[in-house]
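K.L.:
Sharing a sequence plus its predicted fold:
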Amino acid sequence: MITAELLREVPAFAPLPDPTLEYLAGAVEDIRLSPGEYFAHEGEERALFVVIEGRAEITKVVNGEERVIGTRTPGRFFGEVPMTLSTPFPASGRAAEASRIVKLDVTVYYTLAAMAPNVPALVAGLARRYLDSLQEIAAEQRASEVRVIGPRQDPGVHAVATFLTRNQVAFERSVVEPGEAGGRYPVVELVGRDRLVAPSMREVATAVGLDVEPSASEYDVVILGGGPAGLTAAVNGAAEGLRTVVIEALAPGGQAGTSTRIENYTGFPFGISGDDLASRALKQAGRLGAEIVVTRTVEAIDPARHEVRLDGGTTLRTAVVLIATGVDWRTLPVEGVGRYLGNGVYYGAARSDSAVAQGADVCIVGAGNSAGQAALFFARHARSVTMLVRGPSLEASMSRYLIDQLAQHEAIRVETRTEIVGLHGDGGLDGVEVADRAHGTTARRECQVVFVMIGADASTAWLPDAIARDEHGFVVTGAEAAETGAWPLERRPFSLETSAPGVFAIGDVRSGSVKRVAAGVGEGGMAIAYAHRYLALQPETA
């Protein structure tokens with residue numbers, strides 16, 4: 001874990017007073033890298049990096065060839081130019097050897113600038129050395145129009161911050177002590193406009209300009225769910241001229257949006273976070289003309305009339321329905337877990353959750369790839385990270401490359417045949433009771449944050465009987481749908497078509513689907529192709 005004493009060894013930080021260094025130590029991201037591993041890529045959003053141990057190389061692709069254009073040794077910065085000019089990275093950074101690097105994101109950098117004005121002056125001076133033609137320093141942070149105010153561990157504050165982050169709404173976060181600002185949280189301020197106290201998500205969405213109402217009552221395609229499958233279908237449908245709307249209960253991205261890193265998605269050789277992937281798909285769908293409606297839930301589907309009824313009574317008529325509602329995280333089977341939700345216990349683990357893990361003892365419950373990636377990510381922020389695995393090993397459920405990375409990380413401990421059986425804490429979580437099934441013992445340990453990733457289930461009980469499901473609640477399609485007895489036509493259903501003609505199921509909610517992001521993306525594109533084939537069979541669209 002980064003300490004104030006360690007930061008004082010950086011020449012630029014050495015003169016800073018203790019309170020400033022203590023703030024910085026609790027806010028920076030602690031990144032440990034293997035040789036050749038990248039910490040920044042050309043074109044990514046700005047940040048400031050400082051080498052603590054090892055050596056970094058700065059690279060740039062010139063005429064199709066990656067060249068090393070500079071190096072950074074302990075105490076030196078990378079990111080001076082983009083931070084000074086408010087531009088993306090003009091080059092990439094990678095570890096030349098085993099290295100340790102700290103990252104100051106934009107918020108941390110400008111907070112430090114206010115506390116120690118000499119730091120941005122130094123950074124600007126370094127930028128001038130790299131850009132001889134630099135005429136003007138753009139060192140002011142662009143003011144955000146949205147501010148979220150509340151205690152660091154408040155569940156409502158966490159929920160709103162997550163909602164805004166996943167909907168790509170920029171905001172500032174002001175941390176106050178419990179009891180300040182009237183005691184009701186979160187407070188959402190919009191500069192020059194509204195001040196919302198403990199608002200609903202729909203009120204927040206409306207205030208920041210997100211769509212919460214469909215613009216029409218009839219569509220070619222209505223997509224239920226905005227995960228990778230749903231967003232891909234929206235991109236393809238809109239690109240091909242279909243009137244397309246996505247109905248999303250919370251925010252686009254689905255479970256993939258809560259993944260700290262996706263390493264096996266083709267086209268991203270250095271991996272991509274679920275937040276970033278969802279952000280790109282969301283922008284692409286919007287640019288092509290798809291509507292994205294958030295904070296709305298679907299109450300019923302009428303397969304015969306092809307009508308979708310939303311909460312609040314809104315009814316949409318559509319030619320094609322795509323069910324892409326995904327799955328819901330399984331809950332931690334521990335008494336009293338509800339009182340700690342959003343205040344120590346969290347389902348899934350997104351990059352935006354780094355604030356709650358900062359300097360804390362973190363437990364991750366789960367043994368899949370998502371749990372492994374979360375452990376590696378939060379080890380940059382937390383005081384300690386412990387993975388609690390109910391099974392005898394990770395081999396049956398996690399990729400080998402992740403197992404190897406976890407084994408090499410000194411800040412991560414993996415404990416097999418263990419599970420949480422109790423939670424402790426008055427205001428928030430401060431400890432967990434862990435049962436060691438191998439030795440038959442139970443012990444309490446310090447833990448302020450628990451991320452739960454123990455699988456997921458389909459929530460499809462609301463669907464009508466005409467849309468058949470398997471014994472686990474997943475929607476059957478294609479040949480399986482034809483064999484249920486509910487299929488009403490002579491023709492065979494298309495591959496992704498349910499037992500109700502013109503209603504398709506894609507992604508994790510579909511029975512037999514491969515629960516991977518790439519598979520969901522593929523099904524999203526396939527569904528639109530089948531939708532066109534379905535529409536061609538309809539007399540009114542011939």
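P.N.:
Yes, it's here.
K.L.:
count of residues packed around residue 368?
P.N.:
17 (other Cβ atoms under 10 Å). In short, each C-beta sits where N, CA and C put it, glycine included.
K.L.:
chain center to stretch 223-231: distance?
P.N.:
15 Å (Cα atoms, centre = their mean, to the nearest Å).
K.L.:
what distance separates the start and the end of that stretch?
P.N.:
From its first residue to its last, stretch 223-231 covers 9 Å (Cα to Cα, to the nearest Å).
K.L.:
Pull the residues that contact that stretch.
P.N.:
233-234, 237, 244-248, 251-257, 277-278, 281-282, 285, 292, 294, 298, 308, 321-326, 506-509, 517, 520-521, 523-524, 527 (Cβ atoms under 8 Å, 6 or more residues apart in numbering).
K.L.:
how does it look with 7 Å?
P.N.:
233-234, 244-248, 252-256, 281-282, 285, 292, 298, 322-326, 506-507, 517, 520-521, 523-524 (Cβ atoms under 7 Å, 6 or more residues apart in numbering).
K.L.:
which ones among the residues you listed are found in strands?
P.N.:
Among the contacts of stretch 223-231, the members found in strands (DSSP state E) are 244, 245, 246, 247, 248, 292, 298, 322, 323.
K.L.:
The residue lying closest to the last one once chain neighbours are set aside: how many residues sit nearby?
P.N.:
By that I understand residue 323. Distances taken as Cβ to Cβ, 6 or more residues apart in numbering put residue 505 closest to residue 323, at 4.5 Å, once the chain neighbours are dropped. By other Cβ under 10 Å, 34 other residues sit near residue 505.
K.L.:
Let me know whether residue 505 touches residue 497 as I believe.
P.N.:
No: using Cβ atoms under 7 Å, residue 505 makes no contact with residue 497, being 8.2 Å away.
K.L.:
what touches both of the two?
P.N.:
Joint contacts of residue 505 and residue 497 (Cβ under 7 Å, 6+ apart) are residue 477.
K.L.:
Show me what whichever strand or helix holds residue 123 packs onto, helices and strands only.
P.N.:
Element membership of residue 123, judged by DSSP states H and E, is helix 118-130. Applying 3 or more Cβ pairs under 7 Å, 6 or more residues apart in numbering; DSSP states H and E, we find helix 118-130 packed against helix 80-85, helix 106-115.
K.L.:
quick one: the strands in the stretch 301-450 of the chain?
P.N.:
Shown for the stretch 301-450 of the chain, the strands assigned by DSSP state E, counting those that start in this stretch span residues 307-310, 315-323, 328-329, 345-347, 361-365, 384-389, 412-416, 418-424, 431-436, 441-446, 449-452.
K.L.:
would a markdown table of those strands with distance to residue 488, mean neighbour count and mean pLDDT be doable?
P.N.:
Formatted as a markdown table, those follow (distance: least, Cβ to Cβ, whole Å; neighbours: other Cβ atoms under 10 Å; pLDDT from 0 to 100):
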| stretch | distance to residue 488 | mean neighbour count | mean pLDDT |
| --- | --- | --- | --- |
| strand 307-310 | 17 | 18 | 97 |
| strand 315-323 | 16 | 22 | 97 |
| strand 328-329 | 30 | 15 | 87 |
| strand 345-347 | 38 | 23 | 92 |
| strand 361-365 | 44 | 24 | 96 |
| strand 384-389 | 47 | 23 | 96 |
| strand 412-416 | 50 | 17 | 95 |
| strand 418-424 | 46 | 18 | 96 |
| strand 431-436 | 51 | 19 | 96 |
| strand 441-446 | 56 | 12 | 94 |
| strand 449-452 | 41 | 25 | 95 |
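K.L.:
Make JSON lines out of these and add distance to residue 355.
P.N.:
Output for the strands of the stretch 301-450 of the chain, formatted as JSON lines (distance: least, Cβ to Cβ, whole Å):
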{"stretch": "strand 307-310", "distance to residue 355": "33"}
{"stretch": "strand 315-323", "distance to residue 355": "34"}
{"stretch": "strand 328-329", "distance to residue 355": "20"}
{"stretch": "strand 345-347", "distance to residue 355": "12"}
{"stretch": "strand 361-365", "distance to residue 355": "12"}
{"stretch": "strand 384-389", "distance to residue 355": "16"}
{"stretch": "strand 412-416", "distance to residue 355": "20"}
{"stretch": "strand 418-424", "distance to residue 355": "21"}
{"stretch": "strand 431-436", "distance to residue 355": "20"}
{"stretch": "strand 441-446", "distance to residue 355": "19"}
{"stretch": "strand 449-452", "distance to residue 355": "10"}
